[in-house]
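S.K.: Pasted the sequence and its predicted model underneath.
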Number of protein chains: 2
Amino acid sequence: MVVLELSDHDVNRIFRALADATRRDIVRRTLVADVSVSQLADSYEMTFAAVQKHVAVLEDARLVTKEPRGRERMVRGNPERIRQAQLLLDQFEAIWRSRIGRLDDLLAADATTHPET
Amino acid sequence: MVVLELSDHDVNRIFRALADATRRDIVRRTLVADVSVSQLADSYEMTFAAVQKHVAVLEDARLVTKEPRGRERMVRGNPERIRQAQLLLDQFEAIWRSRIGRLDDLLAADATTHPET
DNA sequence: GTATCGTACAACCAAATGGTTGTACTAGAA
DNA sequence: TTCTAGTACAACCATTTGGTTGTACGATAC
């Protein structure tokens, strides 16, 4: 299994990119089907340039890729990167569960030492 | 099952809070054990006030809680919130998987319609 | 009591963010 | 060819972010 190898900076950009509702919507839409930047821009109450910037942030975080098709740029969601973000959160959960495990051990040890309680 | 009910703004704050290496480290440490703000501050190359602000960002996102203990404030990681963030990413993955499912259906239908290919 | 430890919070600053308008270039349509 | 659709990118602006210093205040230690 390939261990997740992301720098702090990479992780920062992934979560930063997901911290905006418009960008999350772009990711959802481009996971479902390829969409051009102008098609995306039509959907939101902001200028084309603003949407372009959001796509750039997502591209920088590698949450989407852009591919030229004719005069358009098709945006495609990157499920692999979503997977990596999930693994990052899984690590937090694992840390927490290991704490619970250790607490259980302590309780078990305590029950053995003081069975009268 | 209780459906995840988070506003866009809530989600923004959760991901925004996770988009900083110091804050992610604070979450990890406070998931393992309760730590006071000053103990946290000792660990990082920044002032106490800066760490205090990071904790405030995490608290605002409900990724940690703060509880007074004597003159200290103990910071505690909130695994429930991590769980909610995981569910959010799961939703993205589900969207992607449903696309794959539909593509499979199309291929199957195509194979049926044009079995000679 | 007084000293000090841990915290809260305001004010300030530089840099990043999220938006705008305007200009320019390229590919396809007429 | 000319027109237009789609994009790229620079410049600008207001707000937010991430840090600082300084002041104040309650809880504990002496």
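M.R.: Received, thanks. Source: prediction; values computed, not measured. Residues are numbered from 1 along each chain as shown, chains lettered A, B, ... in the order given.

S.K.: Report the residue spans of chain A with pLDDT below the cut-off.
M.R.: Along chain A, segments meeting pLDDT under 70 span A:1-4, A:103, A:109-117.

S.K.: Residue numbers of it in contact with DNA strand D?
M.R.: A:36, A:37, A:38, A:39, A:41, A:48, A:49, A:52, A:66, A:71, A:72, A:73 (C-beta under 7 Å from any atom of the strand). C-beta coordinates here come from the backbone N, C-alpha and C atoms, glycine included.

S.K.: biggest separation within the residues you listed, which pair?
M.R.: Using C-beta to C-beta, those span at most 17.2 Å, a distance reached by A:49 and A:71.

S.K.: quick one: contacts for the residue positioned nearest the centre of chain A?
M.R.: Geometric centre of chain A, nearest residue: residue A:85, 3.9 Å, by C-alpha atoms, centre = their mean. Contacts for residue A:85 (C-beta atoms under 8 Å, 6 or more residues apart in numbering or on different chains) come out as A:14, A:15, A:18, B:89.

S.K.: which element is it on?
M.R.: According to DSSP states H and E, residue A:85 maps onto helix A:79-113.

S.K.: report the angle between the axes of that helix and helix B:79-113?
M.R.: Between helix A:79-113 and helix B:79-113, the angle comes out at 130 degrees (axes from the mean of the first three to the mean of the last three C-alpha atoms, to 10 degrees).

S.K.: Just the buried residues of helix A:79-113, please?
M.R.: A:79, A:81, A:82, A:84, A:85, A:86, A:88, A:89, A:92, A:95, A:96 (16 or more other C-beta atoms under 10 Å in any protein chain shown).

S.K.: Between those, which sits nearest residue B:101?
M.R.: Of all those, residue B:101 sits closest to residue A:79, with 13.1 Å by C-beta to C-beta.

S.K.: Thought residue A:30 was touching that closest one, still the case?
M.R.: No: taking contacts as C-beta atoms under 8 Å, residue A:79 lies outside contact range of residue A:30: 10.3 Å.

S.K.: Need the nearest residue in space to residue A:37, chain neighbours excluded.
M.R.: residue A:73 (5.2 Å; C-beta to C-beta, 6 or more residues apart in numbering or on different chains).

S.K.: coming back round to it: can I get the buried residues of helix A:79-113 in a markdown table with distance to DNA strand C?
M.R.: Shown next, in a markdown table, are these (distance: C-beta to the nearest atom of the strand, whole Å):
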| residue | distance to DNA strand C |
| --- | --- |
| A:79 | 22 |
| A:81 | 17 |
| A:82 | 19 |
| A:84 | 19 |
| A:85 | 17 |
| A:86 | 22 |
| A:88 | 18 |
| A:89 | 20 |
| A:92 | 22 |
| A:95 | 22 |
| A:96 | 21 |
